[in-house]
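In: My questions concern the predicted model and sequence given below.
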Amino acid sequence: MKLQTKSNNKKHLDNSKKSTFKRLFGLLWNANKYQLMLAIFLIVLAALGTLYIQIFIGKVIIGYLLNEGKETAHTFNYNNFHWIITGSVLFLLISILSSFIATRIMITITYKIMAKLRIDLYKHVQKLPVKFFDINLKGKLISNFTSDVDTLRQFLSKTFPIAFQSLTTLLISIAVMFWLNWMLSLIMVGFILLILVCSIVISKFSRKFFRLKQKSIGDLNGYAEEMISGIKTIKIFNQQENSANAYSDLNKKLAKVNFKSEFLANVIWPVSQNIGNIAYATVTITGGLMIFYSQDNGVAFGLTVGILISFTQFARSFSGPVSSMTQNVNSIILALAGARRVFEVLDQKPETNEGKIQLVKLIKSHGKFKEIKMNLNVGEYAWKWFNPITRQNQYTFLKGEIEFKNVWFKYHDTYTLKDISFKANAGQKIALVGATGAGKTTIINLLCRFYEIEKGQILYDGIDIKNINKKALRKSLGYVLQDPYLFSDTVSNNIAYGSDEIDDDTLKMVAEAANLESHLAKLDSKYDTVLTNSGSSLSQGQKQLLSIARVNYKNPPVLILDEATSNVDTHTEAIVEKAMQKLTENRTSFIIAHRLSTIVKSDLILVLENGQIIESGSHADLLKQQGYYYQLWQSVKAN
């Protein structure tokens, strides 16, 4: 069974390699098949020009210009000389120009492919489920966009044309050598096969290390990105040396596999060159002996001095294309490894979005409702779907009722939510309380459909959220994160993030509602101030207020506040809470908070433990129960 498994794995790897190469060629073909065919034709023409030199020296000069015969004196043919030289020079110039144009075409095609590939990769990554990002380091994903794509660029623009020209040269060389003398050609074919066997054996060993090299680059980038993001934590715990040592270990691992891969790949060149030298010597000696022992004054088995000179030129130069092909094996393997990593990401299934129900805004006009732009501050939100019976669009006004019915959720084969049931009526404030890992954030993630439930139902205004289009669902939700993320852009663009247009009046209104105006007044360009490095110039409180303004600008019917005041001081907390109170008015709101003082006025408090609701009710109801929540409240009062 073990042997069968290994065989199956090997077969899978071989198929994967073939599939990767096929997809790479598909990228070239689909980019511009006519330009590619022209480039291939020009590469063949350039290869013929290289080979013509070998034939020209022996066959033309000696075979035609200097007439071989039994006489001691040879007659030089001036008539043919001028035509042959002129034609040869023109042909060589055309082949040189062909090589230049082919290179230019391949570079043009390559950069077109790389631009499209990066965009396709980025767009696809945006469509992947959150679970994908949970198990993949950001640094590794960045490597897909940088080092992996760059290896493909080098392969398509440089390695592929060189390898193809070398292969063309080699095949034509073999054909010409057989045309010149089949006996010597058989000797050369034997040496060519020997070089190929040596190259295949060496590349087989190096292939594994090239794959490890690409993986090690991803690991190194991932670790570096993680450490740079956590530089403050590293410094406060004085872990700079340990962090550097860990990075050094990863770097040594990369250096080790890099050395092995490069060493094995670079061994191919001297091996093929030495075999080529032996082949040249063997052919020269054999050909010389054939002529020497001939009985017909220099002609032996169809071999003449001119043919032998041409043949030895091929023998001397044939190792060039073979060596070039084998030398590029490392680039090919590296490109295949990089391509496989890129294709692995592209082959990841995007998150499902089978919901058909859309979110729209309606306004009453002349006794009828009509749809208006979502960013307008008028109208009412409504769910829109197509009724197959009436064959018309139907609408249900959005209320903001959220209900979990016997919801179960599994993460890594372990149930993190078990039989969760509750209902949030329109406009209610629902607080989620519990220790870290109790399931608070998981409930929110399921509501946003970042993950899919195992069992049960989540209803939004009585509609199963699986039937709601994900974009529409998320449009209806506003999310204030514990650690708000700001983009490298202006303050106004950060507030209006996700909106098609920026309305200055709305911008100022939401900034005032979030108590942000006084802070913006201190900035040099106010709303036009460009934030950099995730808003590092702002305090945590200012970031949180800006995040609240962003959600308010979106004007969603349902809000999620994920421990929004846990990272700010007491004074700032009061300002943030005041802004949040305005934000939550007349909106269904879910609040995750460690500070119980922020959820006292909630309509419903859900106390979670180990993925289950152990208590529920208002603040007063839970205190009367004198259970887990009561104990938490007593500890807060004591502090």
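Out: Happy to help now that I have it.
In: just how off-centre is stretch 194-210 within its chain?
Out: 28 Å (C-alpha atoms, centre = their mean, to the nearest Å).
In: residues of it that come out buried?
Out: Of the residues in stretch 194-210, those buried by neighbour count under the rule 16 or more other C-beta atoms under 10 Å are Ile195, Cys198, Ser199, Ile202, Ser203, Ser206, Arg207, Phe209, Phe210. Glycine gets a C-beta too; all of them are placed from N, C-alpha and C.
In: Need the max-distance pair from those residues.
Out: Farthest apart among the buried residues of stretch 194-210 by C-beta to C-beta are Ile195 and Phe209. That separation is 21.5 Å.
In: Generate TSV for the buried residues of stretch 194-210, with distance to Lys260 as supplementary columns.
Out: As requested, these are exported to TSV (distance: C-beta to C-beta, whole Å):
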residue	distance to Lys260
Ile195	22
Cys198	18
Ser199	17
Ile202	12
Ser203	13
Ser206	7
Arg207	11
Phe209	4
Phe210	9
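In: Tell me the one of the residues you listed nearest Val149?
Out: Taking C-beta to C-beta as the measure, Val149 lies nearest Phe210 of the buried residues of stretch 194-210, at 16.1 Å.
In: for the helix or strand harbouring the closest one, packing partners?
Out: In the assignment (DSSP states H and E), Phe210 maps to helix 182-229. Secondary-structure packing of helix 182-229 (3 or more C-beta pairs under 8 Å, 6 or more residues apart in numbering; DSSP states H and E): helix 138-143, helix 160-180, helix 240-292, helix 305-317, helix 319-327, helix 329-346.
In: next one: it to chain centre, how far?
Out: Averaging C-alpha positions (C-alpha atoms, centre = their mean) puts helix 182-229 23 Å from its chain's average.
In: That helix - what's its average pLDDT?
Out: In this model, helix 182-229 has a mean pLDDT of 78.
In: ok, and what's touching stretch 452-461?
Out: Residues from elsewhere that reach stretch 452-461 (C-beta atoms under 8 Å, 6 or more residues apart in numbering): 352, 383, 396, 398-410, 415, 419-421, 446-447, 464-466, 468, 473, 476.
In: Mind checking which residue lies nearest the centre of this structure?
Out: Of all residues in the chain, the one closest to the mean position by C-alpha atoms, centre = their mean is Asn144, 4.2 Å from it.
In: Using the record's domain definitions, break the chain down for me.
Out: Residue ranges for each domain of the chain read 17-181+328-351, 182-302, 358-397, 402-638, as given by the TED database.
In: between those, which one is nearest to Arg316?
Out: domain 182-302 (5.0 Å).
In: Relative to the whole chain's centre, how far out is that closest one?
Out: From the chain centre to the centre of domain 182-302 is a distance of 27 Å (C-alpha atoms, centre = their mean).
In: Which residue is the nearest non-sequential neighbour of Arg153?
Out: Using C-beta to C-beta, 6 or more residues apart in numbering and skipping the chain neighbours, the partner closest in space to Arg153 is Met114 (5.2 Å).
In: doesn't Val149 make contact with the one you found?
Out: Yes: with contact defined as C-beta atoms under 8 Å, Met114 and Val149 form a contacting pair (6.2 Å).
In: helices and strands of the chain: which one bottoms out on pLDDT?
Out: Lowest by mean pLDDT, DSSP states H and E among the helices and strands of the chain is helix 2-31, with a mean of 60.
In: Show the subsequent helix or strand relative to that helix.
Out: Remark: after helix 2-31, the chain's next helix or strand is helix 33-55, criterion DSSP H and E.
In: The helix or strand that that next one is followed by versus helix 160-180: what angle between them?
Out: Following helix 33-55 in sequence order, the next helix or strand is helix 78-127 (DSSP H and E). Orientation check (axes from the mean of the first three to the mean of the last three C-alpha atoms, to 10 degrees): helix 78-127 against helix 160-180 gives 140 degrees.
In: now the helix or strand just after helix 78-127: mean pLDDT?
Out: The first helix or strand that comes after helix 78-127 along the chain, using DSSP H and E, is helix 130-135. For helix 130-135, mean pLDDT rounds to 81.
In: buried ones in helix 130-135?
Out: Phe132.
In: contacting residues around that helix?
Out: Against helix 130-135 from outside (C-beta under 8 Å, 6+ apart): Leu141, Gln348, Glu351, Asn445, Phe450, Tyr451.
In: who's in contact with the nearest residue to the fourth one once chain neighbours are set aside?
Out: Nearest non-adjacent residue to Asn445, counting by C-beta to C-beta, 6+ apart: Tyr451, 5.3 Å away. With C-beta under 8 Å, 6+ apart as the criterion, the residues that contact Tyr451 are Pro129, Val130, Lys131, Phe409, Tyr411, Thr442, Asn445.
In: repeat for His619
Out: By C-beta under 8 Å, 6+ apart, the residues touching His619 are Ile599, Val600, Lys601, Ser602, Ile605.
In: returning to that earlier point: mean pLDDT lowest where, among the helices and strands packed on helix 182-229?
Out: Note on those: helix 319-327 shows the lowest mean pLDDT, a mean of 70.
In: Strands of the stretch 501-639 of the chain, residue ranges please.
Out: Taking DSSP state E, counting those that start in this stretch as the criterion, the stretch 501-639 of the chain carries its strands at 558-562, 588-592, 604-609, 612-617.
In: closest one to Ser547 among those strands?
Out: strand 558-562 (10.0 Å).
In: between the closest one and strand 588-592, how big is the angle?
Out: Here strand 558-562 runs at an angle of 10 degrees relative to strand 588-592 (the same axes, to 10 degrees).
In: Going forward, the N-terminal residue is numbered 52.
Out: Understood, numbering begins at 52; the last thing we discussed is strand 609-613.
In: picking that back up, the residue nearest to the centre of the chain contacts Tyr173, correct?
Out: No: Asn195 is beyond contact range of Tyr173, at 9.9 Å (criterion: C-beta under 8 Å).
In: May I have the phi/psi pair for the residue nearest to Asn496?
Out: phi -130, psi 160 (degrees, to the nearest 10).
In: I'd assumed Glu277 was in contact with Ser294.
Out: No: shown here, Ser294 and Glu277 do not form a contact pair, counting by C-beta under 8 Å, at 9.7 Å.
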